[in-house]
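1. Turn this into a model:
(one chain, ligands or ions: 1)
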Amino acid sequence: MSTPIVIVPACTAQEAKHPYHFAQMKYVDAVVRGAGCLPLVLPAIGAEIDLETLLGTVHGVLLTGSPSNVHASHYGEQVRDAAQPQDLPRDATTLPLIRAAYQRGIPMLGICLGFQEVNVALGGTLHQAVHEVDGMTDHRETKGLPAEQQYAPVHQVSLAPSGCMAAILGSADPIRVNSLHTQGVARLAPGLAVEAHADDGLVEAYSAPGASGFLLALQWHPEWRMAANPVSMKLFGAFGNACRDYQRRSRAASPV
Ligand SMILES: N[C@@H](CCC(=O)NCCCC(=O)O)C(=O)O
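-> Here you go, the predicted structure:
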């Protein structure tokens with residue numbers, strides 16, 4: 001059996017004189033060494049993408065983190081802080097991609113911004129600044145610290161005892177996670193189920209129990225120092241297995 005192909009949608013940024021499409025190495029590495037799949041970095045070209053052709057040839061989607069934010073207009077709000085970075089080409093690429101992959105039952109794993117994108121794409125909303133919401137704590141990383149400190153575990157999340165994440169991990173015990181986000185889930189989209197929440201009640205992970213394909217999304221960063229984190233390796237392993245299952249089933253359905 002060939003290696004499943006996993007789409008990794010790119011971010012866009014201006015570096016020196018030129019604009020770039022890019023994906024961080026830690027996400028690409030997580031697809032290769034965590035999920036055992038072949039990453040395909042997809043440029044953020046939005047409506048130029050023939051989703052029918054693309055999704056007929058791939059077996060999974062990994063939606064990465066990014067400093068950018070889903071434009072608030074996608075969930076019916078005005079942007080409250082214009083200083084918060086946006087990546088409109090990424091929005092125009094990931095939101096339709098998520099909906100199309102969801103319809104086809106293609107496995108998806110969302111991380112941080114990707115967690116927020118899946119919720120918005122499927123009809124949910126976001127807090128634009130979690131730390132400004134009554135009763136919520138500040139989930140942002142401390143600016144200026146070295147990455148090892150910024151991505152260190154800082155709070156625990158409680159797992160849904162009968163959720164798919166507890167099943168993947170073989171335990172519903174709380175886990176400690178890192179936290180590098182300003183925004184967060186306000187209203188969960190229809191069909192999504194909470195898999196983990198922080199002590200302040202913020203949704204930190206969800207799944208789609210009734211979906212035809214694997215869908216798990218995490219507000220934290222399991223890809224950071226993944227190989228040294230047994231929880232992360234189990235989560236990426238489960239995603240990779242879902243992609244292999246999807247590949248087998250799609251091969252059987254069209255054996256040409
Ligand atoms: N901008 C959103 C999402 C934050 C996010 O994805 N942070 C990680 C960026 C760097 C990385 O990918 O490791 C928010 O602030 O909520």
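2. quick one: which helix or strand includes the residue most central in space within the chain?
-> Central residue of the chain (Cα atoms, centre = their mean): residue 110, 1.4 Å from the mean position. Secondary structure assignment for residue 110, by DSSP states H and E: strand 108-111.
3. Send me that strand as PDB with only the CA atoms.
-> The C-alpha trace of strand 108-111 is given here as PDB (Å, rounded to 0.1, in the frame of the first residue of the first chain):
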ATOM      1  CA  MET A 108      -8.900  15.900   9.300                       C
ATOM      2  CA  LEU A 109      -6.700  17.000  12.200                       C
ATOM      3  CA  GLY A 110      -6.800  20.700  13.200                       C
ATOM      4  CA  ILE A 111      -4.200  22.400  15.400                       C
END
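4. Report whether that strand contacts the ligand.
-> No - counting by Cβ under 6 Å from any ligand atom, the ligand is not contacted by strand 108-111; separation bottoms out at 7.2 Å. C-beta here means a position set from N, CA and C on the backbone, and glycine is covered the same way.
5. same thing with stretch 90-107?
-> No - if you take Cβ under 6 Å from any ligand atom as the test, stretch 90-107 misses the ligand, and the best it gets is 10.9 Å.
6. Need the distance between the two termini of stretch 44-61.
-> In stretch 44-61, first residue to last residue: 14 Å (Cα to Cα, to the nearest Å).
7. What residues sit buried inside that stretch?
-> Residues of stretch 44-61 classed as buried by neighbour count (16 or more other Cβ atoms under 10 Å): 44, 46, 49, 51, 54, 55, 58, 59, 60, 61.
8. How about the second one: what's its closest non-neighbour residue?
-> What it means is residue 46. Excluding its sequence neighbours, the residue lying closest to residue 46 (Cβ to Cβ, 6 or more residues apart in numbering) is residue 92, at 3.4 Å.
9. Any buried residues in the helix or strand containing residue 39, and which?
-> Element membership of residue 39, judged by DSSP H and E, is strand 38-42. By neighbour count, with 16+ other Cβ under 10 Å as the criterion, the buried positions of strand 38-42 are 38, 39, 40, 42.
10. Sheet partners, orientation included, of it?
-> When sheet partners are counted by DSSP bridges, strand 38-42 sits next to strand 5-9 (parallel).
11. quick one on the thing from earlier: now for the buried residues of stretch 44-61: which two are most distant?
-> Farthest-apart pair in those is 46 and 59; separation 22.4 Å (Cβ to Cβ).
12. returning to that earlier point: with secondary structure and pLDDT as extra columns, can I get the buried residues of stretch 44-61 in JSON lines?
-> Formatted as JSON lines, these follow (DSSP: H, G, I helix; E, B strand; the rest coil; pLDDT from 0 to 100):
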{"residue": "44", "secondary structure": "coil", "pLDDT": "98"}
{"residue": "46", "secondary structure": "helix", "pLDDT": "98"}
{"residue": "49", "secondary structure": "coil", "pLDDT": "98"}
{"residue": "51", "secondary structure": "helix", "pLDDT": "98"}
{"residue": "54", "secondary structure": "helix", "pLDDT": "98"}
{"residue": "55", "secondary structure": "helix", "pLDDT": "98"}
{"residue": "58", "secondary structure": "coil", "pLDDT": "98"}
{"residue": "59", "secondary structure": "coil", "pLDDT": "98"}
{"residue": "60", "secondary structure": "strand", "pLDDT": "98"}
{"residue": "61", "secondary structure": "strand", "pLDDT": "99"}
